[in-house]
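Enquirer: Structure of the sequence below:
(chains A and B)
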There are 2 protein chains.
Amino acid sequence: MTGRPSRRQLFGYAGAAAAGAAVTGGVVSLTEGAPSHSLEGDTGGREISPYGVHQPAVAAASPKHAELVALNLLDGVDKAALGRLMRLWTSDIVALTSGRPAPGDTAPELALGNVSLTVTAGFGPRVFALPGLTARRPRGLDELPVMSHDRLQTAWSGGDLVLLIGAEDPVSVVHTVRRMVADAAPFARPVWRQTGFWNGTGSDGKPVTGRNLFGQVDGSGNPAPGTPEFEQTVWSAEPDWFAGGTTLVVRRIKLDLDTWDELTRSEQERAVGRKLSTGAPLTGTAEHDELDLERRDADGRLVIAENAHARLSHHSSNDGRRIFRKGLNYVHDTGGSRESGLIFLSYQADIAGQFLPLLARLDAADALNEWTTTIGSAVFALPPGFQPTGWLGQELLG
Amino acid sequence: MTGRPSRRQLFGYAGAAAAGAAVTGGVVSLTEGAPSHSLEGDTGGREISPYGVHQPAVAAASPKHAELVALNLLDGVDKAALGRLMRLWTSDIVALTSGRPAPGDTAPELALGNVSLTVTAGFGPRVFALPGLTARRPRGLDELPVMSHDRLQTAWSGGDLVLLIGAEDPVSVVHTVRRMVADAAPFARPVWRQTGFWNGTGSDGKPVTGRNLFGQVDGSGNPAPGTPEFEQTVWSAEPDWFAGGTTLVVRRIKLDLDTWDELTRSEQERAVGRKLSTGAPLTGTAEHDELDLERRDADGRLVIAENAHARLSHHSSNDGRRIFRKGLNYVHDTGGSRESGLIFLSYQADIAGQFLPLLARLDAADALNEWTTTIGSAVFALPPGFQPTGWLGQELLG
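Expert: Model (predicted):
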């Protein structure tokens, strides 16, 4: 087959005309193609506009399925070449999130609408060592120092670029990853891939916070999207190009389910400081009740222990500084044996100012350290969103 | 923590009373717990009764997520011990498919209702070498011969027992696998695990056949569940204990997406004998149109080529003998590189009589062999279903 034009060259953009979703910003509907379908109907799916002041998946609930791909730039890829990649990726994002094939899509039928597909992209610290970008590094964007409990593997760490692709449907995730990694081939090659899943829907079909594989409700303490607290926690204001952007910390945390299961239920709850049944703090009755960090039991002991995860990760223990964290469960098999864990994702305006003090405090004292081991770590700057007239990363690379 | 009763011992069955789903046979509803929830609503989920003449997942559509776990029996596990395991698994299945924690569940909150959880279990050929079972082997239940295109890896092949666990929600799948593998620990240990996914829902929310990662509609030629043709194809009648059972072939097929993508779209369609857009045969216009295997084009060439997959796998090429096949897509990552493929699942009354001639013919001539490589192979006898008064495998082991 050598010396012959490839199918992509021949087929080109022909598949792109197959669908006609109206993309106008905000949540959009497939009104032309599927009049009988309710956006809130059978599949739980919808379309999420790729446009906006911010990259849209950051503030959204965890997707049911997601993949993270970290890539390293090839030798010789400079600021201009990185800009070309980002324009290419932008056209992929616009098409695929709308349920249309990407330009030159080799499997156009795998582009599917109504599956809440989102794509988030970002730049690792080394991007800001490229000529022309050294003065534009966001403050605090450095690989994290190695914590005493970390057992980092290079296979799950670092990276110059990241893609975080999420959807209701795993086929859509896999197809989008394949398309975008293929388009990146002249510029960057994947160094790690992490696949995760989350259940943010209760048995009654209503949204819930979701649980990690220890069975804990995970993410209760987050600032609520739309509140001033959220805006202040998540969105960066400087440098200029980064206004409306944020930073992402990715930590791959192995959970030792076997030793965790040896604990009694109340031992598990003491380690977390929350009830397993509802996620309520041990001092409260509902998941979102405020923690009472001073309350003591009849014997004078703190109800939420000194080393409880909920205490140490509470913003009041962190000079009021918050993060916005979302998890993805993962399993990783080697033959018959399985590792289970959490892909911990934290969004914040400033890693050094908000996340690092929290990480150091948890590393020093968190009761959960006995059953958790961080085996991967990476940080990225997620540029602001883009509008129909622009492209992702334009403020930095345009 | 040594010398102390484990959490499972202490906690025992306490979690099992948490939910109260009505399980009566057939598709059941969570009427008490979630009055506002429509079974056809937001999550697409429902409950599938574990009871019936047949194991219920066999005739059902492919689940969105599934895991297959193959286990080998430990030394000394005999017919009686295997019966104890099957009774234990039966109680797990009854609880978990109803959204209730399994007996002694260590993470009871991860048992979730309304996610279409199904569990299918089966016995590999070596089980029928156990004393007391040698005369009861289903006809034709032997590991498949190695085909000329096979590149089998022991890591994905064989096994004494299989669990095939599927659901709308991956957390439920992972939780069920963990619970059932843990309960099997005194009897059997996992030798391989395969995770797959399928999208059987179109953009309009309606059921579709679904596509593999080549982008092909995959499974169009199946007999329709409920038809006499399906009954005859799938359900075994003998030996006595196996009436209402079936056999499962698991083939792990690596797809070479890169070389496949080098083909033109019409080359891809010729290799399959079907249109990529709709799955219709090249001689028809709709997916379920009957193939016209005699039709020739203006140049006198067969429209569905001699070596087209759809021709060679058509039942008319197999003395009228059919199979019921369902696929699961998979991806498997090693660092930054990804393998993509299909977990091919075939159900039939008799492997040697129905599946083997088909496999041999495809191995000899299928055009798709250039882009596909089978790297794993296993066969299992799936016993008939069970009723509330019985247990899975009772006809063989009781």
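Enquirer: Low-confidence regions, the stretch 51-200 of chain A specifically.
Expert: Of all residues in the stretch 51-200 of chain A, none has pLDDT under 70.
Enquirer: quick one, phi psi at the most centrally placed residue in chain A?
Expert: For chain A, the residue lying nearest the average C-alpha position, counting by CA atoms, centre = their mean, turns out to be A:L345 (5.3 Å). Here is the backbone geometry of A:L345 (degrees, to the nearest 10): phi -120, psi 130.
Enquirer: and what of A:L73?
Expert: Main-chain torsions, A:L73, degrees, to the nearest 10: phi -70, psi 140.
Enquirer: check contacts around it.
Expert: Applying CB atoms under 8 Å, 6 or more residues apart in numbering or on different chains to A:L73 gives the contacts A:82, A:126-127, A:160-161, A:187-188. Where C-beta positions appear, they are placed from N, C-alpha and C, glycine not excepted.
Enquirer: Excluding covalently adjacent residues, which one is nearest to A:R251?
Expert: Distance criterion CB to CB, 6 or more residues apart in numbering or on different chains; nearest residue to A:R251, sequence neighbours excluded, is A:F344 at 4.2 Å.
Enquirer: Isn't the one you found up against A:L248?
Expert: No: contact between A:F344 and A:L248 fails when scored by CB atoms under 8 Å: they sit 10.7 Å apart.
Enquirer: mind listing the helices for the stretch 151-300 of chain A?
Expert: Under the criterion DSSP state H, counting those that start in this stretch, the stretch 151-300 of chain A contains helices at A:170-184, A:228-234, A:257-261, A:265-272.
Enquirer: before we move on, back to that, per-residue confidence at the residue nearest to the centre of chain A?
Expert: For A:L345, the model assigns a pLDDT of 98.
Enquirer: need the contact list for it.
Expert: A:164, A:248-250, A:325-328.
Enquirer: by contact count, what packs against the helix or strand harbouring A:P357?
Expert: Counting by DSSP states H and E, the element that carries A:P357 is helix A:356-365. Packed against helix A:356-365 by the contact rule (3 or more CB pairs under 8 Å, 6 or more residues apart in numbering or on different chains; DSSP states H and E) you find helix A:309-312.
Enquirer: go with 10 Å
Expert: Applying 3 or more CB pairs under 10 Å, 6 or more residues apart in numbering or on different chains; DSSP states H and E, we find helix A:356-365 packed against strand A:246-255, helix A:309-312, strand A:337-348, strand A:372-382.
Enquirer: before we move on, the earlier item: let me know the distance separating the residue nearest to the centre of chain A from chain B.
Expert: 17 Å (CB to the nearest CB, to the nearest Å).
Enquirer: check contacts around the residue of the stretch 251-398 of chain A found nearest chain B.
Expert: At 3.5 Å from chain B, A:G336 is the closest residue in the stretch 251-398 of chain A, using CB to the nearest CB. By CB atoms under 10 Å, 6 or more residues apart in numbering or on different chains, the residues touching A:G336 are B:69-72, B:155, B:159, B:181, B:189-193.
Enquirer: Would you reformat the helices and strands packed on helix A:356-365 as a markdown table and include distance to B:A59?
Expert: Output for the helices and strands packed on helix A:356-365, formatted as a markdown table (distance: least, CB to CB, whole Å):
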| stretch | distance to B:A59 |
| --- | --- |
| strand A:246-255 | 36 |
| helix A:309-312 | 45 |
| strand A:337-348 | 29 |
| strand A:372-382 | 42 |
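Enquirer: B:G244 is nearest to which of the ones you listed?
Expert: Across the helices and strands packed on helix A:356-365, B:G244 has its closest neighbour in strand A:337-348 (32.1 Å, CB to CB).
Enquirer: partners of the closest one, with directions?
Expert: strand A:246-255 (antiparallel), strand A:324-334 (antiparallel) (DSSP bridges).
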